[in-house]
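[1] build me a model:
(4 chains)
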There are 2 protein chains.
Amino acid sequence: MPPRPHPARDLREACVDQALAIIGDVGVEALSIREVARRLGVSHQAPYKHFASSDHLLAEVVRRTYRQFSEHLEARPRSSHPGEDLKSMGEAYFRFALDHPLHYRLLFGTPLPDPAAHPEMMAEARRAFQLLHEAIGHLKPPAAEEELQLDALFVWATVHGLASILQTAALDQIGLDKVVLAEALPHALHRIGKALAP
Amino acid sequence: MPPRPHPARDLREACVDQALAIIGDVGVEALSIREVARRLGVSHQAPYKHFASSDHLLAEVVRRTYRQFSEHLEARPRSSHPGEDLKSMGEAYFRFALDHPLHYRLLFGTPLPDPAAHPEMMAEARRAFQLLHEAIGHLKPPAAEEELQLDALFVWATVHGLASILQTAALDQIGLDKVVLAEALPHALHRIGKALAP
DNA sequence: ATAAATGGTTGACACTGTCTACCTTTCCCG
DNA sequence: CGGGAAAGGTAGACAGTGTCAACCATTTAT
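    Alright, predicted model coming up:
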């Protein structure tokens, strides 16, 4: 076997890239350290020089995916009207979930590596929630922190729940109209608006 | 090995029971045909006489879990006031999710076996959704079917989303108040009430 | 009575994560 | 310098998984 076709430091990066590619193509259940190594043309043990276990690789992949998610949310079209801005955020959230279903499911649909063991992963997760928190904070300035958090949870739950439900393969079998599916998000955002109205 | 300690027909039942037990104890990722066989003291191939593949075992387990879920929802305290009744349903839904987190995650949190290949599984799933649909149907009698479905989706998404989020191990790390966590469902149900008010 | 179907058995294969041991290359320090 | 340690790659082994194939006993049907 050729001694070392890949410059040393880059193997870690390359592993993460391949892992992301595999997840995007086939889903997280197809991810395995050996498959990553195979695709990179290195031995099945090489990745272990950079990740203590397959969970550590996964944690790093999750961390990056959270970051991409946050960046996607931050790149949404902004509006000075707080209600409009929250709506725009909901749409951005939703679009990410639909455009990258397998990555989204990685964040919210499959058991993550133990959070306590992977603080960097959780730091990125917190950042994403922070964005939602802020957007809702602008909605009604003088609200108590507690109610603010409760409303943030409410909005998050609805949008996440919808994204999660619409991705269930089971859904086709439940017999909902196509129109209903297409309107589901706007309708939910409308309901949220009504629920949060003063 | 003793020839056949288990009466023939019962092995299928016993497999499903063991699978449910494993999932309830350790979660669906620990479920394996071989582990089921081991616990039952039969050879690793015995279950294959009753299930074509591990997915078929899983599908049967999922089907039963859906049924238990529906039965749990139907056993909720009823109210003649439609708004109250919907609330009661939300609470029952939520309680199931919190009391049987691993079973709930089986239904809504992990990829299911291909729905097209397991119609009996989906029939049970549909029944559960039907219950929600009905409860909302009583809410405002003369609504268009389309809006009714949209509202059903909205309510489902919120309650499911909340249950799903509150179970994320990640949650501890996000730094929400205990009070907020305890109040999350009542608050969400209150918001839903406001959103659906005429 | 004999043939078929049913429900069990063992053995094998390919795949997974992970442990251990080994071999190179690089780099730092006495 | 020169030599040892550390980094980063290798191969081999082991236990675990799902699943295929072959085989065997019992029950059932023709």
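
[2] for residue A:84, give its distance to residue A:55.
    Distance of residue A:84 to residue A:55, given as Cβ to Cβ, to the nearest Å: 41 Å. From N, CA and C alone the C-beta is placed, and that goes for glycine too.

[3] what about residue A:103, helix or strand, and which?
    Following DSSP states H and E, one finds residue A:103 within helix A:101-108.

[4] that helix close to chain B?
    Yes. Under the criterion of Cβ under 8 Å from any Cβ of the partner chain, chain B is reached by helix A:101-108 at A:105, A:108.

[5] which strands and helices sit next to that helix?
    helix A:10-26, helix A:54-74, helix A:145-167 (3 or more Cβ pairs under 8 Å, 6 or more residues apart in numbering or on different chains; DSSP states H and E).

[6] after the second one, next one along is what?
    Meaning helix A:54-74. Next helix or strand after helix A:54-74 toward the C-terminus (DSSP H and E): helix A:82-99.

[7] restrict that next one to CA atoms and write it as CSV.
    C-alpha atoms of helix A:82-99 as CSV (Å, rounded to 0.1, in the frame of the first residue of the first chain):
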residue,chain,number,x,y,z
PRO,A,82,-40.5,41.5,15.0
GLY,A,83,-43.5,39.4,14.0
GLU,A,84,-42.3,39.3,10.4
ASP,A,85,-38.8,38.5,11.5
LEU,A,86,-39.9,35.5,13.6
LYS,A,87,-41.9,34.3,10.7
SER,A,88,-38.9,34.5,8.5
MET,A,89,-37.0,32.5,11.0
GLY,A,90,-39.6,29.8,11.1
GLU,A,91,-39.4,29.6,7.3
ALA,A,92,-35.6,29.4,7.4
TYR,A,93,-35.7,26.7,10.0
PHE,A,94,-38.2,24.8,8.0
ARG,A,95,-36.4,25.1,4.8
PHE,A,96,-33.2,23.7,6.3
ALA,A,97,-35.1,20.7,7.6
LEU,A,98,-36.7,20.1,4.2
ASP,A,99,-33.6,20.8,2.1
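
[8] what mean pLDDT does that helix get?
    Along helix A:82-99, the predicted local confidence has a mean pLDDT of 93.

[9] what's the spacing between that helix and its chain's center?
    13 Å (Cα atoms, centre = their mean, to the nearest Å).

[10] now do stretch A:25-44
    Relative to the chain's own centre, stretch A:25-44 is displaced by 21 Å; criterion: Cα atoms, centre = their mean.

[11] would you mind confirming that residue A:48 makes contact with residue A:33?
    Yes. Counting by Cβ atoms under 8 Å, a contact exists between residue A:48 and residue A:33, whose distance comes to 7.4 Å.

[12] of the two, who's got more company?
    Residue environment comparison for residue A:48 versus residue A:33 gives the larger neighbour count to residue A:33, 20 against 15, counting by other Cβ atoms under 10 Å in any protein chain shown.
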